[in-house]
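Visitor: Okay, predicted coordinates and the sequence, questions at the end:
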Amino acid sequence: MTPADVRSLFPILAERAYLFSGGIAPASSPMLTAIEHHLAALTHNTGDLYVDFMDEPRALRERFAALLGADEDEIVINDSTSAGSSLAVSLVEPTPGGNVVFDGFPYPSSVYPWMFPPRDILERRFVQPRDGLIHVEDMARAIDDNTVAVSVSHVTPAQGFRHDIGALADMAHAHGAALLVDGAQSAGALNIDLHASGVDFFATTAMKWLLGAAGLGFLYVAKRHLDRQPPTAGWVSTSQTDMERLRLQSSAERFQLGMPNLMGVAASLPGIDILLETGMDVVETHVLDLTGYCIEGLRERGIAVRTPSDPAKRGGVIAAELPEAGELQAFLTARGVDTYNAGELFRVDPHIFNNRADIDRLLAGIDAFRSGAKK
């Protein structure tokens, strides 16, 4: 599919310029059809749905793995990026005198799980940015032989900065440490090969760039870690029902407790299919073109953009600083342009279904807002 083909699948775009895929993706027409089919099965063929309930989750794991260069048996289906991040942390053994390295753009679910016993004994090191960037050499200096893990967001949500996760994995592994990645702002927007990157754990959500549903997430656990003991166990975790002893699955299902969110699974399959049919190389090229075009337009208007211009250092998130960000967002929403703000942070997140006309509509809205503000 071409970007124009994908665009035709999203009803919201007939009326609005939706530019916040890094928050929640709008529903596609295939998603709406899948939900209708699921509800019909739940209403009229409930017993059959229960008997076959693992079929769609297995299909979802298979397609997610194909999209991100992994194997199906390395994928856990859970309910959110935070759930995946917390699970990944629980699989890293703390060592006395050890440390964990973060960047200076941390996300809460990448940091807070390390503050619970027994991992609260680990020193937490934060590598601060220089010139708005996290420099690889600064990360390298913070990682040593006592480092047990490096934990970062692949693309940071408040800056739009993209890490070179392959380089970070090499650094971490050289010291016997694991790399944990929050991929909520990259999976579905960037062409990612998890095997090639060397990442140990990669958590993400279906509801953003993967064009799926809220309440559904994924954790990639590299094969070399599939023998680790989960913090809890349920019936999906085990390979038999012998109550006298625990025999865990050999795949990543050992880290899953029970039935996944079946409605979320049904609603999330179409989005991954759209991305697979389009090709992630096409998706990334399109997203980077739109973000570059938007960054240029924002800077021409004197807006302080946090996100790097270098395509290798950004993804689909554009973060800017505006004292009137809240007022601007409300103004744009009323004009049919959807963005995001938090305090002075103003965010624009174009995806494969957007085009330059959407960006032009955004920029025209900013011009109209400023013109009106001066009167």
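Guide: Cool, got the structure. Everything quoted here is computed from the prediction, not taken from an experiment.

Visitor: quick one: residue 13 from residue 351, how far?
Guide: Distance from residue 13 to residue 351, counting by CB to CB, to the nearest Å: 11 Å. (Each C-beta comes from the backbone N, C-alpha and C, glycine too.)

Visitor: Kindly report the same for residue 207.
Guide: Where residue 351 is concerned, residue 207 sits at a distance of 13 Å (CB to CB).

Visitor: again, but for residue 27
Guide: 13 Å.

Visitor: Could you check which of those two is surrounded by more residues?
Guide: residue 351 (28 against 20; other CB atoms under 10 Å).

Visitor: tell me, which strand in this protein spans the most residues?
Guide: In the chain, taking DSSP state E as the definition, the longest strand is strand 147-153.

Visitor: What helices and strands are in contact with the following helix or strand past that strand?
Guide: Note on strand 147-153: by DSSP states H and E, the next helix or strand toward the C-terminus is helix 165-174. For helix 165-174, the contact count by 3 or more CB pairs under 8 Å, 6 or more residues apart in numbering; DSSP states H and E identifies helix 136-142, strand 147-153, strand 178-182, helix 194-197 as packing neighbours.

Visitor: Could you export these as TSV, including mean pLDDT, mean neighbour count and distance to residue 219?
Guide: Putting those into TSV (pLDDT from 0 to 100; neighbours: other CB atoms under 10 Å; distance: least, CB to CB, whole Å) gives the following:
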stretch	mean pLDDT	mean neighbour count	distance to residue 219
helix 136-142	98	15	23
strand 147-153	98	26	14
strand 178-182	98	27	10
helix 194-197	98	18	11
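
Visitor: Which elements pack onto the longest strand of the chain?
Guide: Judged by 3+ CB pairs under 8 Å, 6+ apart, strand 147-153 is in contact with helix 81-90, strand 99-103, helix 108-111, helix 165-174, strand 178-182.

Visitor: Could you dump the ones you listed into a markdown table and include distance to residue 152?
Guide: As requested, the helices and strands packed on strand 147-153 are exported to a markdown table (distance: least, CB to CB, whole Å):
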| stretch | distance to residue 152 |
| --- | --- |
| helix 81-90 | 11 |
| strand 99-103 | 5 |
| helix 108-111 | 7 |
| helix 165-174 | 7 |
| strand 178-182 | 6 |
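
Visitor: Can you tell me which of those is packed in deepest?
Guide: strand 178-182 (a mean of 27; mean count of other CB atoms under 10 Å).

Visitor: That one: how far from the chain's middle?
Guide: Strand 178-182 sits 13 Å away from the centroid of its parent chain (CA atoms, centre = their mean, to the nearest Å).

Visitor: For stretch 295-304, which outside residues touch it?
Guide: With contact meaning CB atoms under 8 Å, 6 or more residues apart in numbering, stretch 295-304 is reached by 305, 307, 309, 318, 320-322, 346, 348, 359, 362-363, 366-367, 370.

Visitor: Lowest pLDDT pick from those residues?
Guide: Lowest pLDDT of the contacts of stretch 295-304: residue 370, 93.

Visitor: Pop out the phi and psi values for residue 342.
Guide: When read as degrees, to the nearest 10, the backbone of residue 342 gives phi -140, psi 100.

Visitor: Which residues does it form beta bridges with?
Guide: Beta-bridge partners for residue 342, by DSSP bridges, are residue 345.

Visitor: excluding its backbone neighbours, what's nearest residue 42?
Guide: residue 49 (5.9 Å; CB to CB, 6 or more residues apart in numbering).

Visitor: residue contacts, the one you found?
Guide: Applying CB under 8 Å, 6+ apart, we find residue 49 in contact with 41, 42, 262.

Visitor: so which of those is the most crowded?
Guide: residue 262 (18 neighbours).

Visitor: How confident is the prediction for that residue, by pLDDT?
Guide: 94.

Visitor: Next, it: phi, psi?
Guide: Here residue 262 shows phi and psi, under degrees, to the nearest 10, equal to phi -60, psi -40.

Visitor: Begin at 4, not 1, for the rest of this chat.
Guide: Sure thing, new numbering starts at 4, so read that last one as residue 265.

Visitor: That one and residue 186, how far apart?
Guide: Taken as CB to CB, the span from residue 265 to residue 186 is 23 Å.

Visitor: One more: residue 244?
Guide: From residue 244 to residue 186 the distance is 34 Å (CB to CB).
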